[in-house]
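> The amino acid sequence is not available; the structure is as follows:
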């Protein structure tokens, strides 16, 4: 894509702190380190978000995640966890519209990174849960 910052990083038009690269993915440090070692894993093929992945691209990209995660863990043995995040579309906090997966090392509960799912006061009934599951299941191909 012509004006995509991640495509420019992949093409070496913009510098990055590369972690890993092969024919399918490019992984580099997020310029805004949420925590030390915060890495982005980006497919080299430009796709906007997860909704544009086909089975092959998904297999190619997600197969590399454990390898890169293990490398981060070995580099930072003081790490005590890892969040894997993928934001899709603006409402879900996607800010760069080239699909990417965040690997965010966690060092403590006080490392200034958190995810909140709310207090879940509006729970569905078992019947509503089954209706939701059925509606999604019908669409799985």
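Sure, I can see it. A quick note: this is a predicted structure, and the numbers were derived from the prediction, not measured.
> what about residue 7, which helix or strand?
Using DSSP states H and E, residue 7 falls within helix 5-10.
> Residues in contact with that helix: which ones?
Helix 5-10 is touched from outside by 1, 14-16, 26, 28, 40, 42, 44, 46, 96, 98, 100, with contacts defined as Cβ atoms under 8 Å, 6 or more residues apart in numbering. To be clear about C-beta, it is placed using only N, CA and C from the backbone, and glycine gets the same treatment.
> ok, so of the residues you listed, who is nearest residue 108?
Ranked by distance to residue 108 (Cβ to Cβ), these are led by residue 40 at 22.4 Å.
> So the closest one lies in a helix, does it not?
No - counting by DSSP: H, G, I helix; E, B strand; the rest coil, residue 40 is not part of a helix but strand.
> Skipping its backbone neighbours, what lies nearest it in space?
Using Cβ to Cβ, 6 or more residues apart in numbering and skipping residues adjacent in sequence, the residue nearest residue 40 is residue 100, 4.7 Å away.
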